[in-house]
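Q: Build me a model from this:
(one chain, ligands or ions: 1)
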Amino acid sequence: MNLLFGPENSPEAQPRLYRDLADWYPLLTPAGDYVEEAAFYQRLFVTHCRRPPRTLLDLGSGGGHNAAHLSATLACTLVDIAPAMLEVSRRLNPGCEHVQGDMRSIRLGRVFDCVLVHDAVCYMASRADLQSTMATAFEHTAPGGVALFQPDFVAETFEPGTETGGSDVGSRGLRFLEWRWIPESSHETYVTDMAYMLRSEGGAVEVIHDRHLMGLFPRTVWLESIAAAGFEPLAVPFEHNSSSDTGHEVFLGMRPVPGERG
Ligand SMILES: C[S@@+](CC[C@H](N)C(=O)[O-])C[C@H]1O[C@@H](n2cnc3c(N)ncnc32)[C@H](O)[C@@H]1O
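A: Okay, here's the model as predicted:
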């Protein structure tokens, strides 16, 4: 029994943001904010994919906010564990394929030129789960293709702290406070406590607390896990206006072409 959450893998262990509050997700982090970041991932795919990058699998695709931009040049298949998030993404990305599944275990039986495991990879809260996700990514990456993993933090860069934000759509509005911290009892995890203020059309405001449990692993664990899955690992600096100087990195896994390794 996890004292900070519910029993592991119970519905209660999943943040409400991805269940009954999913319709608020586009106000928390609007898709328009992802233009620059998606362009950065697109450049990495073009640079590191040793085959023409035409198809993308996004594991933990959430609201589909990266896919909304990447789908301009890539045929996107979006996988998420939460049906409510897939519904939100379908509205934004009607031209993309959506599949419900767990990034630790899903097997689609086909390969893609590029695999993206964006911030959803932070929900891998143990090394075993992280390794399972890497294995899923490898199974779905074509020879010569590339997988990209983007944790919010590695152990070396984590800083407890707070962020605020939110947006309005018509008369609905959301504002949030995000509070990151490491409980004493944690082992390679941190907690993000979120407070949402949700203003509905009539003007009523509800305040909700929602806890997220995230994995926190040393940089070497990321690189070793990518290699253990069968990829050639590479870390590249995360280039983004607001965070280019923070030491954040993107982890890549290049799937070797048989006969060409070494
Ligand atoms: C912050 S959202 C991702 C947002 C996404 N990067 C985007 O571009 O919109 C995190 C998502 O990870 C999903 N998730 C968490 N654990 C998962 C798992 N084991 N397998 C698949 N999806 C998972 C959640 O349901 C949620 O939709």
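
Q: For the rest of this, base every contact and every neighbour count on C-alpha atoms.
A: Noted.

Q: How about the residue lying farthest from the centre of the chain, nearest residue that isn't a chain neighbour?
A: Relative to the centre of the chain, and counting by C-alpha atoms, centre = their mean, the farthest-placed residue is residue 202 at 32.9 Å. Computed as C-alpha to C-alpha, 6 or more residues apart in numbering, the closest residue to residue 202 that is not its neighbour in sequence is residue 171, at 7.9 Å.

Q: Can you list the strands that the strand or helix carrying residue 212 pairs with?
A: Here residue 212, judged by DSSP states H and E, is contained in strand 205-215. Sheet pairing for strand 205-215, assigned by DSSP bridges, gives strand 189-199 (antiparallel).

Q: quick one: is stretch 122-138 near the ligand?
A: Yes: using C-alpha under 6 Å from any ligand atom, stretch 122-138 reaches the ligand at residue 123.

Q: buried set for that stretch?
A: Residues of stretch 122-138 classed as buried by neighbour count (16 or more other C-alpha atoms under 10 Å): 122-127, 129-138.

Q: Also stretch 170-181?
A: 172, 173, 174, 175, 176, 177, 178, 179, 180.

Q: Which residue ranges of the stretch 51-200 of the chain form strands?
A: For the stretch 51-200 of the chain, strands defined by DSSP state E, counting those that start in this stretch occupy the ranges 55-59, 75-80, 97-100, 112-117, 141-149, 161-169, 172-181, 189-199.

Q: any residues touching the shortest one, and which ones?
A: Spelled out, that is strand 97-100. With C-alpha atoms under 8 Å, 6 or more residues apart in numbering as the test, strand 97-100 has contacts from 76, 77, 78, 79, 80, 81, 82, 83, 86, 90.

Q: which one among these gets closest to residue 151?
A: residue 80 (16.6 Å; C-alpha to C-alpha).

Q: Tell me the bridge partners for that closest one.
A: Per DSSP bridges, the residues bridged to residue 80 are residue 100.

Q: coming back round to it: quick one: the residue farthest from the centre of the chain is in a strand?
A: No: applying DSSP: H, G, I helix; E, B strand; the rest coil, one finds residue 202 to be coil, outside a strand.

Q: Quick check: it vs the ligand, distance?
A: Noted for residue 202: a distance of 27 Å to the ligand, by C-alpha to the nearest ligand atom, to the nearest Å.

Q: Run through the residues that contact the nearest residue to residue 138 once chain neighbours are set aside.
A: Among residues not flanking residue 138 along the chain, residue 229 sits closest, at 6.4 Å (C-alpha to C-alpha, 6+ apart). Going by C-alpha under 8 Å, 6+ apart, residue 229 touches 131, 134, 135, 138.

Q: dump the residue contacts of the second one.
A: Right, the one you point to is residue 134. Residue 134 sits in contact with 104, 225, 226, 229, where contact means C-alpha under 8 Å, 6+ apart.

Q: Tell me the spacing between it and residue 13.
A: Residue 134 sits 22 Å away from residue 13, going by C-alpha to C-alpha, to the nearest Å.

Q: Within reach of the ligand, which of the contacts of strand 97-100 are there?
A: With the criterion set as C-alpha under 6 Å from any ligand atom, the members of the contacts of strand 97-100 near the ligand are 80, 81, 82.

Q: measure the last one to residue 157 for me?
A: When you say that, I think you mean residue 82. From residue 82 to residue 157 the distance is 29 Å (C-alpha to C-alpha).

Q: so can I have a markdown table of the contacts of residue 134 showing secondary structure, pLDDT and distance to the ligand?
A: Below are the contacts of residue 134 laid out as a markdown table (DSSP: H, G, I helix; E, B strand; the rest coil; pLDDT from 0 to 100; distance: C-alpha to the nearest ligand atom, whole Å):
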| residue | secondary structure | pLDDT | distance to the ligand |
| --- | --- | --- | --- |
| 104 | coil | 98 | 6 |
| 225 | helix | 98 | 17 |
| 226 | helix | 98 | 17 |
| 229 | helix | 98 | 17 |
